[in-house]
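J.: coords please:
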Amino acid sequence: MDAGSRRAVEQALSSPDYFAGDMPWLIAKPGCPVCRATVERTRRLLFWYREESYNSAPWIERLSRCWGFCRQHTWDVVTAGARHELTFGAEFLSRQAAARLGRLDAALRPDRTGGLRQTREAAVSAASVALSPEDPCPICTTLAGDARDLLDLLHSLRDRQEAEQYAVADGLCESHYARAAELATPVAPAELGLLSAAQTRSRRATLAAAGAGGVDAYGRQLSLIAGWRFGPAPQASLSRSDGAAAERESFAAHPVDRHWLKTQIPRAASFSALALMPGCPLCRLRELRRYELYTDLLAQHQGAAGSLPRLCRVHVWELFDCDDERRLPPVWSSLLESRLTEGRPAADDERPMVVPPALHCPACEANAAADAEALEKGGFNDAPAVVCLPHLVSMVQAGEPAFELAAKLAQVFAALNQEIGEYFRKLDYRFSNEPKGREQSAGLRALALLNGSPPLFRRELVESLSACGGWSYRAGTTGGSLS
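T.: Numbering: from 1, shown residues only. Here you go, the predicted model:
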């Protein structure tokens, strides 16, 4: 623990004026209180985003800096029912993207930037930076606020009444327990003892319930190991402050249609073949490589309780969705049992069972390998499809001469901006009786290019968007279009 974290812990434990927020009443509720606090904050953010702030100038400016939500949270918010609100932001972002992609296209063409290599490289670098997010996704920022929740918890445990409540509560998930133990070890031995006792009780209760089987028991087991699943609730649940809906949804599986996914895998032989799949070809290649990894892991552990490589939280839950035959509960149970074994090294208790994103997570490494594979295959400029904006920027930064892709994408964004304008025009009561057409899906198609295509693991999202708009680029129309 660094000096800054140590000072923050000491202040939380010693200051009489420290405000512990909602933690005192969250302690007594089921599940990890830190995960619950994070979910509650996310729900409040999305509630006020939908009800008031989505069309405010500060929020539009914020979205302009971060290019909207990240790919995962964009489609989570769509699932939560905020399609209209996201379309409002997409109108501004598509116009911004079209203008900046035009500058990138000009910088990538030697005949437009002159013969000096340094001049051209500087222009490309400036144009690609302008297309990169300045700030992180708003929901990612909210989820990262759990460091303060851990301090709130340690402060609350100083109170005798709240410590007694925690002594019979469910305790933390393993990820938050490892971080809380790290904070408490040097300065709060009494609080560390409370945390450890509650964690041991929670592990035993989860192992006892795991024998019952079923998705709910499996989900609760995984929520202890990896932490809650953070996905926005439907609008009907956003106003509920008790967190019960959030807890139930955190354990819910999003079943993956494995047969449908298997039909997609042969298409990954080349970039031209990937371009025939729905959505950004590079997004699709990433998903197919992750699916192959999950299939291998499930095959290795069929009927056996072995060890799994440590995945990040997002990919642990993605593996959970793919495990339709429930092969992995014995593996997770074995992992929990190892934490209850007498005489084990004390350091094992503080080692998280999941890893931060991109830090030795095999699925994150599969994403990086898929991007490298796509760059090695090449053929981007000759393909009929367009790639999403994040992948185009990464390709340009890797030195790929993607000027044709930049020009196509600029045209598509310009056309989508016009379609979104038509969508909002028809919301006006004076024109609301006019026939509705493809402009109704323009916002979602813009989001698929701004932030990345909806995941193949969520077939219902892919097919619903395909049904109302399609994906492939069609040249020869005014400004370009998606057909």
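J.: and the average pLDDT for the top helix by length along the chain is what?
T.: Scanning the chain for the helix with the most residues, using DSSP state H, yields helix 83-108. Helix 83-108 shows a mean pLDDT of 89.
J.: mind listing what's buried along it?
T.: For helix 83-108, burial by neighbour count (16 or more other Cβ atoms under 10 Å) applies to 85-98, 100-108. In this view, the C-beta of every residue, glycine as well, is placed from N, C-alpha and C.
J.: just stretch 144-158 next, same as before
T.: Burial within stretch 144-158, assessed by neighbour count using 16+ other Cβ under 10 Å, is assigned to 146, 148-158.
J.: go on, stretch 413-427?
T.: 413-420, 422-423, 426.
J.: same check on stretch 365-381?
T.: 366-367, 370-371, 374-375, 377, 380.
J.: would you format these as CSV with distance to Val129, pLDDT and secondary structure included?
T.: As requested, the buried residues of stretch 365-381 are exported to CSV (distance: Cβ to Cβ, whole Å; pLDDT from 0 to 100; DSSP: H, G, I helix; E, B strand; the rest coil):
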residue, distance to Val129, pLDDT, secondary structure
Ala366, 27, 91, helix
Asn367, 22, 91, helix
Ala370, 24, 89, helix
Asp371, 19, 88, helix
Ala374, 22, 81, helix
Leu375, 20, 81, helix
Lys377, 26, 74, helix
Phe380, 21, 65, coil
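J.: of all those, which comes closest to Glu52?
T.: Comparing those against Glu52 with Cβ to Cβ places Asn367 closest, at 35.4 Å.
J.: if I read this right, the closest one contacts Arg290, doesn't it?
T.: Yes: assessed by Cβ atoms under 8 Å, Asn367 is found in contact with Arg290 at 6.9 Å.
J.: just the strands in this protein please.
T.: 473-474, 481-482 (DSSP state E).
J.: shaky segments in the protein?
T.: Residues of the chain meeting the criterion pLDDT under 70: 1-2, 110-120, 212-215, 231-254, 264-272, 302-306, 341-353, 356-359, 379-385, 466-483.
J.: centre-most residue in it?
T.: Centroid-nearest residue in the chain: Gln72, 3.5 Å away (criterion: Cα atoms, centre = their mean).
J.: what's the separation between that residue and Cys283?
T.: Distance of Gln72 to Cys283, computed by Cβ to Cβ, to the nearest Å: 11 Å.
J.: touching both of these two, which residues are there?
T.: Pro455 (Cβ atoms under 8 Å, 6 or more residues apart in numbering).
J.: one step back: give me the subset of the buried residues of stretch 413-427 that lies in helices.
T.: Those of those lying in helices (DSSP H): 413-420, 422-423.
J.: need those residues in a markdown table with distance to Ala184, can you?
T.: As requested, these are arranged in a markdown table below (distance: Cβ to Cβ, whole Å):
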| residue | distance to Ala184 |
| --- | --- |
| Phe413 | 50 |
| Ala414 | 55 |
| Ala415 | 56 |
| Leu416 | 51 |
| Asn417 | 52 |
| Gln418 | 57 |
| Glu419 | 54 |
| Ile420 | 51 |
| Glu422 | 57 |
| Tyr423 | 53 |
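J.: which of those sits closest to Val9?
T.: Phe413 (47.3 Å).
J.: residues contacting the closest one?
T.: 94-95, 97-98, 101, 446, 449.
J.: for it, which non-adjacent residue is closest in space?
T.: Ala98 (3.9 Å; Cβ to Cβ, 6 or more residues apart in numbering).
J.: right, and the one you found touches Lys408 too?
T.: No: contact criterion Cβ under 8 Å: Ala98 and Lys408 do not qualify, at 11.5 Å.
J.: what's around Val187, how many residues?
T.: Residues near Val187, counting by other Cβ atoms under 10 Å, number 16.
J.: please shift the residue numbers so they start at 29 in all later answers.
T.: In the new count, where the first residue is 29, that last one comes out as Val215.
J.: for it, grab phi and psi.
T.: phi -130, psi -10 (degrees, to the nearest 10).
J.: that one touches Ala36, doesn't it?
T.: No: in this structure, Val215 is not within contact of Ala36 by Cβ under 8 Å, at 10.5 Å.
J.: measure His287 to Val196 for me?
T.: Between His287 and Val196 the computed distance is 46 Å (Cβ to Cβ).
J.: sorry, slip of the keys, the one I care about is Pro161.
T.: Relative to Val196, Pro161 is positioned 44 Å away (Cβ to Cβ).
J.: who's more crowded, those two?
T.: Shown here are Pro161 and Val196; by other Cβ under 10 Å, Pro161 has more neighbours (15 against 9).
J.: contact partners for that one?
T.: 93-95.
J.: filter those residues to the buried ones?
T.: Here, 16+ other Cβ under 10 Å leaves 94-95 buried among the contacts of Pro161.
J.: put together a markdown table for the contacts of Pro161, with distance to Asp244 on each row.
T.: Formatted as a markdown table, those follow (distance: Cβ to Cβ, whole Å):
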| residue | distance to Asp244 |
| --- | --- |
| Arg93 | 40 |
| Cys94 | 35 |
| Trp95 | 37 |
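J.: from the contacts of Pro161, which is closest to Glu79?
T.: Cys94 (20.7 Å).
J.: which residues touch the closest one?
T.: With the criterion set at Cβ under 8 Å, 6+ apart, Cys94 makes contact with 161-166.
J.: Leu475 versus that one, what's the distance?
T.: From Cys94 over to Leu475 (counting by Cβ to Cβ), the distance is 14 Å.
J.: what's the answer for Trp87, then?
T.: Distance from Trp87 to Leu475, by Cβ to Cβ: 16 Å.
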